[in-house]
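# 3D model of this:
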Amino acid sequence: MKKLGIAIAALAGVAAPAFAGGLNAPVMESAPIAAAAPAPVQDENWQGFYGGATAGSVIGGRGTYKFSGAGDTSSKLGSGSYGLFGGYNFQQGKIVYGGEIALQATDYDLDNGAGHFNNMIDLKARVGMAYGKFLPYAFVGYSQGQWKNAGGLSNDNPDGVNYGVGLDYALNSKWLVGAELIRRELDTDFNGGGGSVENHFNTVQVRAAYRF
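Predicted coordinates:
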């Protein structure tokens, strides 16, 4: 019996390491890591005064002379302008609104005639929505130009409505750049006759401004 007990103990000592080596350690699954939420885009502060320079080019439209008892004479308008502008923005949340004035030296003229604009003033009421550093907006307002005909004859200054869309981009807290598409519909009576002149045309304008 003593020898049997010694044999059993020896077998147990040999089998124990082998048995233990055959066991797999339990796999511990790591807890899922929650994805970080993206930081919200901070809208630019657009409120305050601004002023700068603009330049533009006519991209479509016509000047039309109308006389009683005679047919209309119409020609394409072309060429460009440059000038200064300034305004003020109010801001409530994402909504940005305000007013702007622009004074421009122009070379808007008829392709097939001597009529042309020497100068232009634009008044605009604007409203837009801030998206980070971008400010898309729409506007409507009043425009008046100094129109000259052949031989130096002038009309009553043509005036009327302007409207369009634009986009400003904040380069930093002080400087912005942008672009506009503006439609002007300006009419006047003809000086020295019984007719009128209608100038309805579109202009693309680029702009840069400093914010005070």
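
# quick one: contacts for the closest residue to K76 other than its chain neighbours?
What sits nearest to K76 in space, not counting adjacent residues and going by CB to CB, 6 or more residues apart in numbering, is D111, at 4.5 Å. (Glycine included, C-beta is placed from N, CA and C.) D111 makes contacts with 75-78, as judged by CB atoms under 8 Å, 6 or more residues apart in numbering.

# Tell me the backbone dihedrals of D111, please.
Recorded main-chain torsions at D111 are phi -70, psi -30, according to degrees, to the nearest 10.

# circling back: select only the buried ones of the contacts of D111 in ChimeraX?
In ChimeraX, a selection of the buried entries from the contacts of D111 looks like this (16 or more other CB atoms under 10 Å):
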select :77,78
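
# Show me the contacts of D111 that map onto strands.
The members of the contacts of D111 that map onto strands under DSSP state E are 75-78.

# Compile those into a markdown table and extend it with columns for distance to V127.
Listed next are the ones in strands among the contacts of D111 as a markdown table, based on distance: CB to CB, whole Å:
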| residue | distance to V127 |
| --- | --- |
| S75 | 35 |
| K76 | 32 |
| L77 | 28 |
| G78 | 31 |
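
# between those, which is nearest P158?
The nearest member of those to P158, counting by CB to CB, is L77 at 11.8 Å.

# and the residue most central in space within the chain, what element?
In the chain, the centroid-proximal residue (CA atoms, centre = their mean) is L167; its distance is 1.3 Å. In this structure, L167 sits in strand 159-170 according to DSSP states H and E.

# which other helices and strands contact the helix or strand just after that strand?
Downstream of strand 159-170, the first helix or strand assigned by DSSP H and E is strand 175-189. Using 3 or more CB pairs under 8 Å, 6 or more residues apart in numbering; DSSP states H and E, the elements in contact with strand 175-189 are strand 48-66, strand 134-148, strand 159-170, strand 196-211.

# Could I get the buried residue list for strand 175-189?
So, applying 16+ other CB under 10 Å, buried residues of strand 175-189: 176, 178, 180, 182-188.

# what's the angle from that strand to strand 134-148?
Note on geometry: by axes from the mean of the first three to the mean of the last three CA atoms, to 10 degrees, strand 175-189 and strand 134-148 are set 40 degrees apart in direction.

# List the neighbouring strands of strand 175-189 plus their orientation.
strand 159-170 (antiparallel), strand 196-211 (antiparallel) (DSSP bridges).

# quick one, which of those is nearest to T54?
When the strands paired with strand 175-189 are compared by CB to CB, strand 196-211 sits nearest T54, at 4.3 Å.

# Mind putting the contacts of D111 into TSV with pLDDT?
Conversion of the contacts of D111 to TSV gives the following (pLDDT from 0 to 100):
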residue	pLDDT
S75	88
K76	91
L77	90
G78	90
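
# so which of the contacts of D111 would you say is closest to N89?
L77 (31.1 Å).

# any idea how far Y97 lies from Y88?
10 Å (CB to CB, to the nearest Å).

# So for these two, which sits in the more crowded spot?
Y97 (17 against 14; other CB atoms under 10 Å).
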